[in-house]
Structure formats: structure tokens, C-alpha cells
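S.K.: Here is a sequence with its predicted model. Questions after.
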Amino acid sequence: MPHDLNGDIMDAIGREALTGIQQLERELIVRDFVALLNDRAHAELHPFLTEDVVYRPSASKSVWGRSAVTRMIADLHASFDQWTTDLESVAVCGDTVLTEQRLRLRLPGTSTVEVMGFASFRLAGAQISAWNQIHA
């Protein structure tokens, strides 16, 4: 049976294109999620999170479950006059999206403070199943 080199090349190109599309989709999911965070659209965050999502905002704290995570985010937003996240850079590796972030935070009666941070978002399909946050 003759070997079809052109078919092999087309299959490889197709696999690479599919991988690129999947990576872009994962990046866009995280970008949309962060945009909703910035808009304080807590109810709209639910479809982005798995039911059993784990959020680690620090080395000593973990929050388990979609409702608990969105409740904690709402509580944080209520504490700050400003809390926005700008994505400085984004990288996708498999099912994980890594971000370098600039957070702008302001407590009532204070000036805005900028904090650099990193986050990783592990996706299960089109939803975030784990979110780890590191602040520099």
C-alpha cells in the first residue's frame, strides 16, 4: 500500500490548526471571565465555573464550589471601591491558561494601588475548574 505523504501533511496541519483554535478558545474564556469580574457581574460568572471549582486566592486559603467562589468575589467587590484586573500577558498550555495581571485596588477613602500578580486557570471543557492567584 503506497504511503500518502500529502495526506499525512494535511492531517498534521489540521491537528495544529485544531490545537491553535482550542488554545484561542481557552484564552477567550479567561478573558471573558476577567471582563465579567471587572464589571462585577457576579451572576454571569456562574456559567464560566464548574460546580466543584477550586479558587486559591493565597497559599493559605482555598474556596470550593461555584456558589462559594462567586459569593467570596461579591464580598471582595463590596469591600473595594475599585477592583479591576488588566491582563498584561496570556499564555495557554494544554488545558491551563496562565496570566500576568495588573490589579487596581482602592479601599473606601484611600488612593488606588496597583499590584502585579499571576494566575492560572485550569479548564475542564469550556469551564474553569481551578483558579490559582498569586500577588507580587
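M.R.: Received, thanks.

S.K.: In contact with the residue nearest to the spatial centre of the chain, which residues?
M.R.: Centroid-nearest residue in the chain, with CA atoms, centre = their mean: Val30, separated by 3.7 Å. Residues near Val30 by CB atoms under 8 Å, 6 or more residues apart in numbering: Leu87, Val90, Val97, Thr99, Phe121, Ile128. To be clear about C-beta, it is placed using only N, CA and C from the backbone, and glycine gets the same treatment.

S.K.: Throw the residues you listed into TSV and include distance to Leu105, secondary structure and neighbour count, thanks.
M.R.: Listed next are the contacts of Val30 as TSV, based on distance: CB to CB, whole Å; DSSP: H, G, I helix; E, B strand; the rest coil; neighbours: other CB atoms under 10 Å:
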residue	distance to Leu105	secondary structure	neighbour count
Leu87	16	strand	16
Val90	21	strand	18
Val97	22	strand	25
Thr99	17	strand	21
Phe121	20	strand	25
Ile128	22	strand	23
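
S.K.: sorry, back to before: so where does the residue nearest to the centre of the chain fall, helix or strand?
M.R.: Using DSSP states H and E, Val30 sits within helix 5-38.
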